[in-house]
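Colleague: Sequence first, then the predicted structure, then my questions.
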Amino acid sequence: MQTLQIGFWVLALLVVLALVFDFMNGFHDAANSIATVVSTGVLRPPTAVAFAAFFNVVAIFVFQLKVAATVGKGIVDPGVVDQYVVFGALVGAIAWNLVTWWYGIPSSSSHALIGGIVGAAVAKAGTGPLVLAGVLKTVAFIVVSPTLGFLLAALIMLAVAWICRRRSPLHVDNWFRRLQLVSAGMYSLGHGGNDAQKTIGIIWMLLIAAGSVAATDASPPAWVIWSCYLAIGFGTLFGGWRIVKTMGQRITKLKPVGGFCAETGGALTLFLASGLGIPVSTTHTITGAIVGVGSMRSAATVRWGVAGNIVWAWILTIPASALVAALAYYAGRVLF
């Protein structure tokens, strides 16, 4: 692969821009980790975000870098990547995140980044450099991750209802207030493990293009890994409260037992995806799990109109961020 001549300051600027995206990922997706535990009253918001941020960073010790490898080498051919492609991808993803955060729409930061990479690469060289297997795998999980989250959360809710059928509601509530701390920690661990690696992947892609690391290296430099995990943790610490309200209250009303089941179902889905190296949406996953819990109580308890609006945002995320990324690619050609 041809090594590009990328100036130090341009390279540094793009790394900082990637970390800004990572911070925004945590900020935007904080709701995924804490909405259920806040809406059920188990933790106060400031405590919840600190709790989630801690587990976001701890994930560095738990998950292998399979998702980072997919993003860095498995979406587009590394040979087509240059500073303009990376700039376009990041601007496309950040712009879509800002729009959806402003309107309180729980969209996917992950798919915004994937859409950005695809849009910028296509703007440069057409569809030829796309790695079809990686793109199709990612697109398939737009459906698979919320469906799996829905099914697992619903099944866990059914099992819990059967196990606790002879217990008083107060006793069940007290137990699951404690257990929800475990499930919230698991979900935040899965969030950090899957989402931080997407930014690791794009910085890795940039460093390979610049010749700073070899394409054959098994992993990126340690500073890349640590900076990305810390950035997403700080983003979660600041939290995106507009989206917390949508996720925790507007889709369906949750009690601690429901919060536990939704978080556990979502966490298991994220662990599976991270183990397979698939960049999935934590937003899609937890939304599917919350709907699964609500539908087990009664389909009428789910506000399907709100859920439908969220699904439309999911559908639009990749093409919208790809379009902005393509425009940003051409703008980057002028700027740099």
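Modeller: Cool, the structure landed.
Colleague: Val37 and Gly115, how far apart?
Modeller: Separation of Val37 from Gly115 (C-beta to C-beta, to the nearest Å) stands at 30 Å. Backbone N, C-alpha and C define where each C-beta goes, glycine included.
Colleague: ok, these two, which is more surrounded?
Modeller: Neighbour totals were compared for Val37 and Gly115, and Val37 leads with 30 against 26 (other C-beta atoms under 10 Å).
Colleague: how about that one, what does it touch?
Modeller: 43, 48, 51, 180-181, 184, 259, 263 (C-beta atoms under 8 Å, 6 or more residues apart in numbering).
Colleague: can you check Pro279 too?
Modeller: By C-beta under 8 Å, 6+ apart, the residues touching Pro279 are 67, 70-71, 110, 113-114, 138, 194, 197-198, 201, 273.
Colleague: If you rank the residues you listed by neighbours, which is first?
Modeller: Tallying neighbours with other C-beta under 10 Å puts Leu113 at the head of these, with 33 neighbours.
Colleague: wait, is that residue part of a helix?
Modeller: Yes: assignment of Leu113 by DSSP: H, G, I helix; E, B strand; the rest coil places it within a helix.
Colleague: just checking, it touches Gly72?
Modeller: No: if you go by C-beta atoms under 8 Å, Leu113 and Gly72 don't touch, sitting 11.7 Å apart.
Colleague: anything in contact with each of those two?
Modeller: Common neighbours of Leu113 and Gly72 (C-beta under 8 Å, 6+ apart) are Ile202.
Colleague: returning to that earlier point: could you list which of the contacts of Pro279 belong to helices?
Modeller: 67, 70-71, 110, 113-114, 138, 194, 197-198, 201, 273 (DSSP state H).
Colleague: Of those, which pair is most distant in space?
Modeller: Longest distance between any two of these is 15.1 Å, between Leu113 and Ala273; criterion C-beta to C-beta.
Colleague: Tell me how many other residues surround Arg333.
Modeller: When neighbours are counted by other C-beta under 10 Å, Arg333 registers 15.
Colleague: Can you pull the phi/psi pair for it?
Modeller: phi -60, psi -30 (degrees, to the nearest 10).
Colleague: Might you report the residue contacts of it?
Modeller: Contacts of Arg333 by C-beta under 8 Å, 6+ apart are Tyr84.
Colleague: rewinding a little: of the ones in helices among the contacts of Pro279, the lowest pLDDT goes to which?
Modeller: When those are compared by pLDDT, Ser110 scores lowest at 77.
Colleague: where's the residue nearest to Val324 when sequence neighbours are not counted relative to Val67, distance?
Modeller: Distance criterion C-beta to C-beta, 6 or more residues apart in numbering; nearest residue to Val324, sequence neighbours excluded, is Gly92 at 4.1 Å. Gly92 sits 19 Å away from Val67, going by C-beta to C-beta.
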